[in-house]
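*Asks:* Fold the following.
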Amino acid sequence: MASIRLTLYDDLGQEIRTTQQDLSTDLGSMTKIEAAVERFRQQMLPEIAKTLLDQQQKDFKKKWTHS
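*Replies:* Coordinates of the predicted model:
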């Protein structure tokens, strides 16, 4: 079974989050592969945006708390 692993890193190269999702077992055509990747995108894009926003908020709080 194929899977997609996505790792987000900050500007310093430190890992923020790693996510892995298994794809369907039936990837016998380009159409099915594209559909599986599109499902991954639709599920993960909001989570990626939330993770990045959370990281920015933490960085902002650190900056203003330590100033």
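*Asks:* Tell me the secondary structure at the residue nearest to the spatial centre of the chain.
*Replies:* Closest to where the C-alpha atoms of the chain average out (C-alpha atoms, centre = their mean) is residue 48, at 4.4 Å. The three-state label for residue 48, taken from DSSP: H, G, I helix; E, B strand; the rest coil, comes out as helix.
*Asks:* got a list of what it touches?
*Replies:* Counting by C-beta atoms under 8 Å, 6 or more residues apart in numbering, residue 48 makes contact with 6, 8. Heads up, the C-betas are built off the backbone N, CA and C, glycines and all.
*Asks:* Would you check how far apart it and residue 6 are?
*Replies:* According to C-beta to C-beta, to the nearest Å, residue 48 and residue 6 sit 7 Å apart.
*Asks:* ok, residue 45 to residue 35 distance?
*Replies:* Distance of residue 45 to residue 35, computed by C-beta to C-beta: 16 Å.
*Asks:* In terms of neighbours, single out the busier of those two.
*Replies:* Per other C-beta atoms under 10 Å, whichever of residue 45 and residue 35 has more neighbours is residue 35, with 14 against 10.
*Asks:* Could you give the backbone dihedrals for that one?
*Replies:* Backbone geometry at residue 35, expressed as degrees, to the nearest 10, gives phi -60, psi -40.
*Asks:* try residue 44
*Replies:* Phi and psi for residue 44, reported as degrees, to the nearest 10, are phi -90, psi -30.
*Asks:* burial measure for it, as a count.
*Replies:* Using other C-beta under 10 Å, residue 44 has 15 neighbouring residues.
*Asks:* before we move on, what about residue 53?
*Replies:* Neighbours of residue 53 under the rule other C-beta under 10 Å: 10.
*Asks:* secondary structure element for it?
*Replies:* In the assignment (DSSP states H and E), residue 53 maps to helix 30-65.
*Asks:* Output stretch 12-32 as CSV, nothing but the C-alphas.
*Replies:* Extracted in CSV, the C-alpha atoms of stretch 12-32 (Å, rounded to 0.1, in the frame of the first residue of the first chain):
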residue,chain,number,x,y,z
LEU,A,12,15.6,27.0,11.1
GLY,A,13,15.1,23.5,9.7
GLN,A,14,13.4,22.1,12.9
GLU,A,15,10.6,19.7,12.4
ILE,A,16,7.2,21.2,13.3
ARG,A,17,5.0,18.2,12.3
THR,A,18,5.0,15.0,10.4
THR,A,19,1.8,13.5,9.0
GLN,A,20,1.4,10.2,7.1
GLN,A,21,-1.6,8.9,5.4
ASP,A,22,-2.1,5.7,3.6
LEU,A,23,-3.6,5.8,0.1
SER,A,24,-6.2,3.4,-1.2
THR,A,25,-4.9,0.1,-2.4
ASP,A,26,-6.4,0.5,-5.8
LEU,A,27,-4.1,2.8,-7.6
GLY,A,28,-4.2,1.1,-10.9
SER,A,29,-4.7,4.1,-13.1
MET,A,30,-3.7,7.7,-13.3
THR,A,31,-7.2,8.8,-12.5
LYS,A,32,-7.2,6.8,-9.3
